[in-house]
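Participant: Could you look at this predicted model? Sequence included:
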Amino acid sequence: MIEIIGAEGKISNIEVFLKKTQEFSKKNNIKIQSFDAELIFGKDHLTSSYNHAKRAFKNKTNTSPDIEMELLLYSSGERQLKKAIPKMGVKKEKSRIVFAFINNKIEDKILKDFLELFNLKRNDKIIEGNINTLKKFGIKDNEIKTVKEEKYGDLILEKVALVDIIK
């Protein structure tokens with residue numbers, strides 16, 4: 001199961017952020033992946049990526065050692081971490097972050113404690129995405145013009161699905 005939330009706040013030191021996230025993850029027996037919110041186009045984007053990542057592990061076609069990194073690869077539409085991390089990873093001083101919590105049902109207290117750890121405020125509206133999200137993701141204007149606005153998310157889902165074909 002995956003739970004996806006948006007949050008706002010400033011991450012001053014990426015290394016400290018990643019270390020604290022990993023420690024929190026181990027302490028609470030959950031897996032956590034963070035993303036630059038500017039490249040996420042709705043919860044379907046990460047849910048689809050997660051389903052592809054799970055299938056990759058099931059079929060032993062995963063290219064990364066853990067589900068969090070495999071999720072990052074699929075959500076980025078890339079097959080290499082050296083491309084996926086700079087594209088989708090949290091950047092220094094960013095104020096909008098999306099988190100994917102992977103486990104059984106995540107308790108509200110755990111989510112609250114996690115956000116407090118980094119002085120972040122929950123804001124799920126930042127997950128929605130728009131035409132600028134598509135462009136930052138690398139989708140060209142001529143591709144965008146092929147679909148109606150309510151189907152923009154499908155363009156991202158196609159990029160996620162293509163990762164399996166490229167493998």
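Facilitator: All right, it came through fine. Numbering: from 1, shown residues only.

Participant: what about Asn103, neighbour count?
Facilitator: 16 (other C-beta atoms under 10 Å). Bear in mind the C-beta positions are built from the backbone N, C-alpha and C, glycine included.

Participant: If you tally nearby residues, what's the number for the nearest residue to it once chain neighbours are set aside?
Facilitator: Closest residue to Asn103 apart from its sequence neighbours, by C-beta to C-beta, 6 or more residues apart in numbering: Ile30 at 4.2 Å. If you count neighbours by other C-beta under 10 Å, Ile30 ends up with 18.

Participant: give the contact list for Ile30.
Facilitator: By C-beta atoms under 8 Å, 6 or more residues apart in numbering, the residues touching Ile30 are Phe101, Ile102, Asn103, Ile106, Ile110.

Participant: Quick check: the gap between it and Glu68.
Facilitator: Distance, Ile30 to Glu68, using C-beta to C-beta, to the nearest Å: 10 Å.

Participant: what's the overlap in contacts for those two?
Facilitator: Ile102.

Participant: related to what we said a few turns ago, farthest-apart pair in the contacts of Ile30, please.
Facilitator: Ile102 and Ile110 (12.6 Å; C-beta to C-beta).

Participant: what residue ranges in the protein score low on pLDDT?
Facilitator: Low-confidence segments of the chain (pLDDT under 70): 94, 164-167.

Participant: ranges for the strands of it?
Facilitator: In the chain, the strands defined using DSSP state E lie at 2-8, 31-36, 96-102, 121-122.

Participant: Spit out the contact partners of Gly9.
Facilitator: Ser95, Ile97, Phe118, Asn119, Leu120, Lys121.

Participant: neighbours of the fifth one, just the number please.
Facilitator: Spelled out, it's Leu120. Other residues near Leu120 come to 20 when the count uses other C-beta under 10 Å.

Participant: That one is in contact with Ile97, isn't it?
Facilitator: Yes - taking C-beta atoms under 8 Å as the definition, Leu120 is a contact partner of Ile97 at 7.0 Å.

Participant: Common neighbours of these two, please.
Facilitator: Ala7, Glu8, Gly9.

Participant: List the contacts of Phe99.
Facilitator: Per C-beta under 8 Å, 6+ apart, neighbours of Phe99: Ile4, Ile5, Gly6, Ala7, Ile32, Gln33, Ser34, Phe35, Phe114.

Participant: If anything else comes up later, I'll come back, but that's it for now.
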